[in-house]
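K.L.:
quick one, structure for this:
(2 chains)
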Amino acid sequence: MSTPTALLAQGLTKVFFPHTINEVVALNGISLRVDPGDFITIIGSNGSGKSTLLNAIAGTVSVTAGTVWLEGKDITKLAEHARARSIGRVFQDPRAGTAPSMSIQENLAMAYLRGRRRGLRPGVPARLKRQMKEQLAELDMGLETRLTAHVNKLSGGQRQAMSLLMATVAEPRLLLLDEHTAALDPKVAATIMDLTGKIVQERGLTTLMVTHNMEIALQWGNRLIMMHAGRIILDVASAQKETLTIPGLIRKFHEVSGETLAVDRMLLE
Amino acid sequence: MQSVVTSALEQGLLYGFMVLGVFLTFRVLDFPDLTVDGSLPLGAAVTALIITSGYSPWLATIAGTAVGLIAGLVTGGLHLLLKSGDGNSTNYGPKLLAGILVMTALYTTNLRIMSGSNVPLLREPNVFDQVGGWLSVHMIGWWLILVLVIFMLIVKYVLDWFLHTELGLALQATGDNEQMLRSLGVNTNVVRVLGLGLANALVALSGSLVAQYQGFADVGMGIGTIVAGLAGVIIGEVLFGTRSISWVLFSVIGGSIVFRLLISISLRLGIAPTDLKLFTALLVVLALSLPTVRRKVIRM
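P.N.:
I've put the predicted structure just below:
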């Protein structure tokens, strides 16, 4: 490939329960090209395939057809853990991103080793502790003084902030955020979103962020994608995105899909 | 009474290695591993075979332990075959089945290794007598307990150290949040197989030492190992607490000793040896329900 592409997906298709009465086409031939440093927000109603798209890129779900390249390398056949060496993820459930009965420093230390071989060196090396404290202090949640506290003692917001830090400390080539603020109360969600914006910008991470919240989708990122029935029905680039409003977005949805958008959940978040 | 205490200490420590193994699978890996009923006598059988063939009991102990490791690796590999797709870590079916299959296969294996159902070792050299020879003491009672305590401390500290290495943290996280660990780029399947190997090595070590201590290896000596192991883990956790991994390793060894003490006392009180397994099972039920009962009482 001549131009540098961070992520390239071609003809991604995922059919759940094929050839049965429950057959669901979650992804219907999705093609997507992501430039390095892109921060793309992805919206769409329930069942539109947003999460399946992230899962297909991360390898949690194996695709029925199509190919995914990460920085020019075909990763379609790689196992999830092998892809995770260069892909960081934050999930919707704040409990998903951390090991609850292990300490803050143990969780972080495991995240520093992303993509590296794990051996018999100390799991939490002393030299890392200062760096950990600095990075935890940047979260501004008072975690820097609680390195040995178990993660299950933390609030949902604190745990999600930890998850975000753990997904990004080893500077992955791609960051996938799957509605990572949806399970938090609005104030905490806003804090986590601000943190996300800060980290993504500071580290210049190529990011795909799925959200239900149109406001968030418009406010953040340099490109917006709308999905419907397993397809990308709208792809708005930077300049155009800035002029977009929520009513405008809903109108666009009508034009493109010819259907009424299930706005209730999307607007009332 | 003194003999009740010393024999409970001896057995509690000897089986304590097994309890550490059960703790590793049941608690750390969240893998209820039934292989242990087969890997304990496997350690004993291999040790008996090598000692009766005229080799050093040390070599026999190491070999018994190593073969236990292999049994654990087989269970881990079988689990990978049995679980479907990515495998849901809270799906215990394939885990139980993998353990049951290996345990069953090991029954025949053990009979083959021993060419029969038991091998007497009373007239053979063993590691305890050899240590006794170095120290010029008769290896019974408190001397034996002292040596066992020292050996147990060494194993405990090595295990504790391992669980806090990079690999050890991955082992802990595999049982705690497998999905998270995978999303950090770790092949949790490999880690789990390794953990099962390590755990069954400890169980086989226990079997090897028990055989040398009691003077025979028997194909039936593994029956109920998982229950006895659980009893040790749960009694230890309930009595001594779980504040950290380092601490809980001590707790479960303590639990093992308390469990053997309860067995010794109940035998003294006239419970027939044939009724012992029922008693053991009841003990586990009791220990399991204690935290729940305690919580309910506090709420009332």
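K.L.:
let me know whether A:Ile57 touches A:Leu8 as I believe.
P.N.:
No: here A:Ile57 lies out of contact with A:Leu8, judged by C-beta atoms under 8 Å, at a distance of 10.6 Å. Heads up, the C-betas are built off the backbone N, CA and C, glycines and all.
K.L.:
counting neighbours, go ahead and name the busier of these two.
P.N.:
A:Ile57 (26 against 17; other C-beta atoms under 10 Å in any protein chain shown).
K.L.:
surely the more buried one is in a helix?
P.N.:
Yes: if the criterion is DSSP: H, G, I helix; E, B strand; the rest coil, then A:Ile57 is within a helix.
K.L.:
now do the shared contacts for A:Ile57 and A:Leu8.
P.N.:
Jointly contacting A:Ile57 and A:Leu8 under the rule C-beta atoms under 8 Å, 6 or more residues apart in numbering or on different chains are A:Val68.
K.L.:
whatever residue of the stretch 151-269 of chain A ends up closest to chain B: how many residues sit nearby?
P.N.:
Using C-beta to the nearest C-beta, the single residue of the stretch 151-269 of chain A nearest to chain B is A:Met166, 7.2 Å away. A:Met166: 25 surrounding residues under other C-beta under 10 Å.
K.L.:
confirm that it sits in a helix.
P.N.:
Yes: the assignment for A:Met166 is a helix, going by three-state DSSP.
K.L.:
measure it to A:Val151 for me?
P.N.:
From A:Met166 over to A:Val151 the distance is 10 Å, taken as C-beta to C-beta, to the nearest Å.
K.L.:
could you do A:Lys252 as well?
P.N.:
Remark: distance between A:Lys252 and A:Val151 (C-beta to C-beta) = 41 Å.
K.L.:
also A:Leu139?
P.N.:
When C-beta to C-beta is the yardstick, A:Leu139 and A:Val151 sit 13 Å from each other.
K.L.:
wait, the residue of the stretch 151-269 of chain A closest to chain B sits on A:Gly97?
P.N.:
Yes: in this structure A:Met166 lies within contact range of A:Gly97 using C-beta under 8 Å: 6.3 Å.
K.L.:
if we can go back for a sec, so A:Lys252 and A:Val151 - more neighbours on which side?
P.N.:
Shown here are A:Lys252 and A:Val151; by other C-beta under 10 Å, A:Val151 has more neighbours (26 against 16).
K.L.:
confirm for me that the more buried one is in contact with A:Ala96.
P.N.:
No: at 11.8 Å, A:Val151 does not count as touching A:Ala96 under the criterion of C-beta under 8 Å.
K.L.:
which neighbours do these two have in common?
P.N.:
If you check A:Val151 and A:Ala96 against C-beta under 8 Å, 6+ apart, no residue is contacted by both.
K.L.:
follow-up on the earlier one: who touches both of A:Leu139 and A:Val151?
P.N.:
Common neighbours of A:Leu139 and A:Val151 (C-beta under 8 Å, 6+ apart) are A:Met162.
K.L.:
next, A:Gln158: secondary structure please.
P.N.:
helix.
K.L.:
ugh, wrong one, A:His212
P.N.:
Bear in mind the rule, three-state DSSP; under it A:His212 is coil.
K.L.:
any idea which helix or strand carries the residue nearest the centre of chain A?
P.N.:
For chain A, A:Leu177 is the residue whose C-alpha lies nearest the centre (C-alpha atoms, centre = their mean; 1.5 Å). In the assignment (DSSP states H and E), A:Leu177 maps to strand A:174-178.
K.L.:
starting at the chain centroid, how far to that strand?
P.N.:
Centroid separation for strand A:174-178 versus its chain: 2 Å, with C-alpha atoms, centre = their mean, to the nearest Å.
K.L.:
pLDDT below threshold where in the chain?
P.N.:
Chain wasn't specified; assuming chain A. Counting by pLDDT under 70, chain A contains low-confidence ranges at A:1-3, A:258-269.
K.L.:
ah, I was thinking of chain B
P.N.:
In chain B, residues with pLDDT under 70: B:1, B:85-89, B:299-300.
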